[in-house]
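Got a predicted structure here, sequence first:
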Amino acid sequence: MDKIFSWVKRCPPQVSVLIRQEYVRYTYFPLCWENIVFIKRILAQFKKKSVYELAAGNGWVSYYLNRMGLKIDKVVDDFSWEKLTETEKPIKVHKQDAIKTIKDENPDVAFISWPPPEDDFLMNCFDVVKEKNYLVIIADKNFKVSGNKIFFKENNKYLLMKKHLPYSFPGFQDVLYIYKKD
């Protein structure tokens, strides 16, 4: 298994994302009980704030968090991935653009799990987060898999927390980050 995931990490970002999505589709590995409990414990500090999951894909993270008693106020995705992977949605996912949603609806916490790799998505999201609000991100430490190297480097001064998830794919390292806009 380690050899397969090492090979996946060397693929172009679009290929590695698709392979990872398919692996998640059949195993739900990153959404194992231990990871969901960990995420819930971290996000519980925001229980009196509005929490939106953005770029939520099919909504499985919010589904499990809600089932464990952590209310996610709104789940949003633009469905740009819909033709590439499964379309089953266990929870209502609003078809909206993440950046427009942050700008228009001003959630206290914008939660994004496994953002697309190597693009400006995270930069654009954080640009529109209002002062005193939070951006919570789960991303692989390898920026070719998820996230954006420039975002993490340029916004380090806003970083409040960085913790590794208990379990990641073999050879991967998923990290939860919390940023607060000053």
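Thanks, I have it.

Please count neighbours and contacts with C-alpha atoms only from this point.
Noted.

So what's the residue count around the closest residue to residue 107 other than its chain neighbours?
Counting by CA to CA, 6 or more residues apart in numbering, residue 107 lies nearest to residue 50, which is 5.4 Å off, once chain neighbours are set aside. Residue 50 has 16 neighbours, counted by other CA atoms under 10 Å.

can you map out the helices along the protein?
2-10, 13-27, 33-43, 60-67, 98-105, 121-128, 149-154 (DSSP state H).

nearest to residue 138, of the ones you listed?
With CA to CA as the criterion, residue 138 lies closest to helix 33-43 of the helices of the chain, at 9.2 Å.

Just the CA atoms of that closest one, as PDB, please.
Backbone C-alpha positions of helix 33-43 (Å, rounded to 0.1, in the frame of the first residue of the first chain) are rendered in PDB as follows:
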ATOM      1  CA  TRP A  33     -14.100   7.500  13.800                       C
ATOM      2  CA  GLU A  34     -10.800   8.700  15.400                       C
ATOM      3  CA  ASN A  35     -10.400  11.500  12.800                       C
ATOM      4  CA  ILE A  36     -14.000  12.600  13.200                       C
ATOM      5  CA  VAL A  37     -13.800  12.700  17.000                       C
ATOM      6  CA  PHE A  38     -10.500  14.700  16.700                       C
ATOM      7  CA  ILE A  39     -12.100  17.200  14.200                       C
ATOM      8  CA  LYS A  40     -15.200  17.500  16.400                       C
ATOM      9  CA  ARG A  41     -13.100  18.200  19.500                       C
ATOM     10  CA  ILE A  42     -11.200  20.900  17.700                       C
ATOM     11  CA  LEU A  43     -14.300  22.500  16.100                       C
END
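
what would the helices of the chain look like in CSV with mean neighbour count?
CSV is the format used below for those (neighbours: other CA atoms under 10 Å):
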stretch, mean neighbour count
helix 2-10, 13
helix 13-27, 15
helix 33-43, 16
helix 60-67, 18
helix 98-105, 16
helix 121-128, 17
helix 149-154, 14
